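[1] this one's sequence-less:
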Ligand code: NDP
């Protein structure tokens, strides 16, 4: 559909057609703000007294070495993804009536790279993983430069003949479309390499687990031991990463893959935001090790287990229902038949809130920040993840709500009357 013709009826996300231009400046500023806002010399503190941080001494924002390391990481993973065997899985039906085939081997790549880092970093000690901590800011810059350049490529290449465009980033407002992404599934190598799915689950998500490991290595070499809080953060987040890549197939039905184009929002989000902000608690713990009491450890474990139980229970129930509604594990659920042909679950997990899976995810996020301890809470930066994640999930729920209203029409209103809460049962 022609962009300008689309303007009148377009629904704009992110504060209207010009909002993304501001976000493209503000989001990178937040990532650098976290580096400056909490470092080994000082940390922003909100209470008992307000203290501004000072930038770390000798802060270097760019080095060729870090840039080359980032390129090596990205293209090394591309090569492994292409060379190693994987499962070939069909994606959802596209608006052009076709389905794309995806090669999935993220779990294999996680095991390989993480295993190698553990072996050479902690066992033989030939690899100084603490380098990731020492070069955090230049690595961040390398990632930002790369994701920005990738976004320019994606935007320009989306104008090629025959490109299938997403339903959102096709308004004719260049900054908006650049941010949201125009082309739905840009592919390289004669259509065999899917750029968006790769960026979504490989360099950023696996990179996050490795950055965490680098923080643990740095804490060990600096303080001579690993704190239980660092171990907990690493273990929780590694499990989350492993779970995401183990269930790689599930990403094919998320809105990121099925409706969002590939632009700055996902390129920057996947390659820069996820690894470099999600590691904040572990980075804080390098300089401010916390040793939790047994009761503290048990509390954190219990919060994480509760979050995981809700998150996996809800996502698993929906995935199972969508793939085989007659499966005995979901056949008993009450459903609402819609005119669109599919049914919406109205009991079980999905009868408690319309995005109960987000609630579980957020509770896990809380458990990842809690190891920073109460001192961390007053410093706020190590709690960044759960604060930011709450706003992301609230916004994402609104986006999905809008998409579902468009998809299901008045059936969605019936569903909302049956399942009244958005994310948190009886609260929101
Ligand atoms: P969901 O998995 O919640 O999927 C939403 C879709 O599910 C809807 O569009 C609809 O699609 C279908 N659906 C909604 N309600 C029902 C129902 N009652 N019965 C059956 N189908 C229903 O959304 P996301 O893709 O946003 O999230 C997937 C997971 O990823 C979540 O657990 C989320 O927490 C996590 N996530 C994590 C992020 C992170 O940064 N850590 C970022 C974003 C997400 P349809 O009817 O067409 O099937």
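    Received, thanks. Because the structure is predicted, anything quoted here is derived from the model rather than measured.

[2] Just give me how far stretch 136-145 sits from the chain centre.
    Averaged C-alpha coordinates place stretch 136-145 at 18 Å from its chain's average position (CA atoms, centre = their mean, to the nearest Å).

[3] And residue 191, how close does it get to the ligand?
    Computed as CB to the nearest ligand atom, to the nearest Å, the residue 191 to the ligand distance reads 25 Å. Backbone N, C-alpha and C define where each C-beta goes, glycine included.

[4] The spatially most central residue of the chain: what's its closest spatial neighbour, skipping adjacent residues?
    Most central in the chain under CA atoms, centre = their mean is residue 274, positioned 5.2 Å from the mean C-alpha point. Sequence neighbours aside, residue 204 is the residue nearest to residue 274 in space, at 4.5 Å (criterion: CB to CB, 6 or more residues apart in numbering).

[5] check contacts around residue 397.
    Residues near residue 397 by CB atoms under 8 Å, 6 or more residues apart in numbering: 354, 355, 358, 422, 423.

[6] what about the fourth one, which SS state?
    Remark: residue 422 carries the secondary structure label coil [criterion: DSSP: H, G, I helix; E, B strand; the rest coil].

[7] What's the separation between it and the ligand?
    From residue 422 to the ligand the distance is 11 Å (CB to the nearest ligand atom).

[8] Which residue ranges of the stretch 301-428 of the chain form helices?
    356-369, 373-379, 384-408, 410-418 (DSSP state H, counting those that start in this stretch).

[9] what comes up buried for stretch 182-194?
    By neighbour count on 16 or more other CB atoms under 10 Å, the buried set for stretch 182-194 is 182, 183, 184, 185, 186, 194.

[10] do you know how far residue 405 is from residue 413?
    Residue 405 sits 8 Å away from residue 413, going by CB to CB, to the nearest Å.

[11] More neighbours: which of these two?
    Taking other CB atoms under 10 Å, residue 405 and residue 413 do not tie; residue 405 has more neighbours (15 against 11).

[12] Output the below-cut-off pLDDT ranges for this protein.
    Residues of the chain that meet the criterion pLDDT under 70 lie in 1-9, 374-376.

[13] which parts of it sit against the ligand?
    Applying CB under 6 Å from any ligand atom, one finds that the chain approaches the ligand through 254-255, 311, 315, 318, 322, 342, 344-345, 350, 355, 357-358, 361, 396, 400, 403-404, 407.

[14] For PyMOL, what selects the buried ones among those?
    In PyMOL syntax, the buried subset of the residues of the chain next to the ligand is picked out as below (16+ other CB under 10 Å):
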select buried, resi 311+315+318+344+345+350+355+357+358+361+400+403+404
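
[15] circling back: okay, the buried residues of stretch 182-194 in TSV with distance to residue 20 and secondary structure next?
    As requested, those are arranged in TSV below (distance: CB to CB, whole Å; DSSP: H, G, I helix; E, B strand; the rest coil):
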residue	distance to residue 20	secondary structure
182	13	coil
183	17	strand
184	18	coil
185	21	coil
186	19	coil
194	24	strand
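
[16] per the record, what domains does this protein have?
    Here the domain parsing of the chain from automatic domain parsing is 1-286, 292-428.

[17] How far away from the center of its chain is the longest one?
    Centroid separation for domain 1-286 versus its chain: 7 Å, with CA atoms, centre = their mean.

[18] now stretch 304-322
    With CA atoms, centre = their mean, you get 17 Å for stretch 304-322.

[19] before we move on, what about stretch 356-375?
    That offset, for stretch 356-375, works out to 15 Å (CA atoms, centre = their mean).

[20] if I pick the residue of the stretch 51-200 of the chain found nearest the ligand, what's in contact with it?
    In the stretch 51-200 of the chain, the residue that lies nearest the ligand is residue 92 (8.8 Å; CB to the nearest ligand atom). Residues near residue 92 by CB under 8 Å, 6+ apart: 99, 252, 253, 257, 258.

[21] next one: phi and psi at it?
    phi -70, psi 170 (degrees, to the nearest 10).

[22] List the buried residues of stretch 217-229.
    Quick answer for stretch 217-229 (16+ other CB under 10 Å): 217, 218, 219, 220, 226, 227, 228, 229.

[23] for the nearest residue to the last one once chain neighbours are set aside, what are its contacts?
    Meaning residue 229. Closest residue to residue 229 apart from its sequence neighbours, by CB to CB, 6+ apart: residue 371 at 3.5 Å. Taking CB under 8 Å, 6+ apart, we find residue 371 in contact with 228, 229, 230, 232, 233, 281, 285, 290, 292, 300.
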